[in-house]
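Engineer: Pasting the sequence and the predicted model now:
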Amino acid sequence: MDTSSGTPHRLDPAGGCPHADNQRLLARGAVATVELPGAVEGAAVLGHEALKEFLAHPDVAKGARHFTALGEGRIAAGWPLMTFATVQGMTTADGDDHRRLRSLVSKAFTVRRVEQLRPRIEELTAGLLDGLHAAAEEGGGVADLREHFALPLPMGVIGELLGVDAEYLDRLHHLSNQVVATDIGPEKAVAANRELVAVLSAVAAARAENPGDDLTSALIAARDEEGDRLSQQELIGTLVLMIIAGHETTLNLITNAVRALCGHRDQLASVQRGEASWGDVVEETLRWDAPVSYFPFRYPVRDLTVDGTVIPRGTPVLAGYSAAGRDRAAHGADADRFDITRSRRPGAVRHLSLGHGAHYCLGAPLARMEATIALERLFTRFPDLDLAVSEAELTRHASFVGNSVRTLPVRPGASRV
């Protein structure tokens, strides 16, 4: 956003690499006025300290009733970001409603419960690595790492957690991908949302008929036994959020980490020698190339001044995670450099890429575990794995929400079983 001229920065609905734009915007200030799809005026908080303050500010809400333009009927049907604003669940709830909804799913994501998933994640990973090897053999030594590994791992895990039958997973990924796309037309946006709700309603109906030891069955029990704790709309909304957040973020995290390591072979070698940990790789990837670039929405409940910039009440505000991750004011003059030892520096600042405050990512322990296991097993099995095309040849996501590439062709090289 051009705060000096008053001209909003137009966020490209087709997405692309955010880092060059972020650098220009940060040079002007920590807060930018932006133009969202449909010429909707919004704002983005980009600076690390400003974002940290904003995410935990008591006068910032998540509920769509605070979205002025929506309340005044100025948002067209089929607006590509509508689901982010109106889905009924934790990410659009405040106060007691937020605590109620979060408490219903939080037990599934405690560190202890996540640790119990480790053997299953390791088993899934091993099977997918076999599949990646087979795909590369069939493809002349090249395979798409996203399709054969980075996607099915988190999708399989969240599917099992929710009790979603395998037959639905591919369709759910396709639909959630459309929901997070920002270049989608109104008719396709409406159709994708309707079908996503329909598929998840079918999942819920199946679990109601045949309950299991899964999160969907637990949510249905809460709806049926304690109706005041969860409505049908909130049940489906929670499933929508779990499916999207439960795999898209981790998919991008694994993909971006592999790209970073292939582009920094010296640091990959350092991890392989045990001089740094795979956890270090995950944290630096989260900072350096955040899986979510701009996350919608929060709304000031009054005119709010953030780092000297006034954000009017009711403005839809994006959390600029990819920008904050490379904010030199927080991470130093070399913030643009990928450095897996960064967290060991005196005074190192922790990234915000999984959120901050009451809405901190509930699935953070699971995402970290999945990515750590995935990267360790991938590069242990294929220590010479490298990209099959240059970074410049990779096609970016058609979204300014998700931050990654559509495919990741790799040459796994020799397999060490």
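Structural biologist: Yep, that arrived. Numbers count the residues shown, from 1 in each chain.
Engineer: Need the per-residue pLDDT for the nearest residue to residue 234 once chain neighbours are set aside.
Structural biologist: Closest residue to residue 234 apart from its sequence neighbours, by C-beta to C-beta, 6 or more residues apart in numbering: residue 88 at 4.9 Å. Any C-beta I mention is one placed from the backbone N, CA and C, and that applies to glycine too. Looking at residue 88, its pLDDT stands at 91.
Engineer: residues near residue 88, how many?
Structural biologist: Per other C-beta atoms under 10 Å, the neighbour tally for residue 88 reads 20.
Engineer: got it, and residue 145?
Structural biologist: Using other C-beta under 10 Å, residue 145 has 28 other residues around it.
Engineer: in the chain, which residue is closest to the centre?
Structural biologist: Centroid-nearest residue in the chain: residue 249, 3.1 Å away (criterion: C-alpha atoms, centre = their mean).
Engineer: Enumerate the positions of the host helix or strand of that one that are buried.
Structural biologist: Per DSSP states H and E: residue 249 is located in helix 232-262. For helix 232-262, the neighbour count (16 or more other C-beta atoms under 10 Å) marks 234-262 as buried.
Engineer: give the contact list for residue 258.
Structural biologist: Residues near residue 258 by C-beta atoms under 8 Å, 6 or more residues apart in numbering: 145, 150, 375, 378, 385, 408, 410.
Engineer: Distance to residue 269 and pLDDT added to those residues, as CSV?
Structural biologist: Formatted as CSV, the contacts of residue 258 follow (distance: C-beta to C-beta, whole Å; pLDDT from 0 to 100):
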residue, distance to residue 269, pLDDT
145, 20, 98
150, 22, 97
375, 14, 98
378, 15, 98
385, 13, 98
408, 21, 98
410, 17, 98
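Engineer: tell me which of these is nearest to residue 402?
Structural biologist: Nearest to residue 402 among the contacts of residue 258, counting by C-beta to C-beta, is residue 150 at 12.7 Å.
Engineer: thinking the closest one is in contact with residue 259, fair?
Structural biologist: No. With contact defined as C-beta atoms under 8 Å, residue 150 does not reach residue 259; the gap is 10.5 Å.
Engineer: which residues do these two both contact?
Structural biologist: residue 408.
Engineer: Give me the subset of the contacts of residue 258 that lies in helices.
Structural biologist: 145, 375, 378 (DSSP state H).
Engineer: Please list all residues in contact with the first one.
Structural biologist: Translated: residue 145. Counting by C-beta under 8 Å, 6+ apart, residue 145 touches 132, 255, 258, 408-410.
Engineer: Okay, it and residue 126: tell me how far apart.
Structural biologist: 16 Å (C-beta to C-beta, to the nearest Å).
Engineer: give me phi/psi at residue 292?
Structural biologist: Residue 292 adopts backbone torsions of phi -120, psi 130, taken as degrees, to the nearest 10.
Engineer: For this structure, give me the ranges with low pLDDT.
Structural biologist: 1-6, 226-228 (pLDDT under 70).
Engineer: Go again with 50.
Structural biologist: Scanning the chain with the threshold set as pLDDT under 50 gives 1-5.
Engineer: How much space separates the closest residue in space to residue 158 that isn't next to it in sequence from residue 361?
Structural biologist: Closest residue to residue 158 apart from its sequence neighbours, by C-beta to C-beta, 6+ apart: residue 246 at 3.4 Å. Residue 246 sits 10 Å away from residue 361, taking C-beta to C-beta as the criterion.
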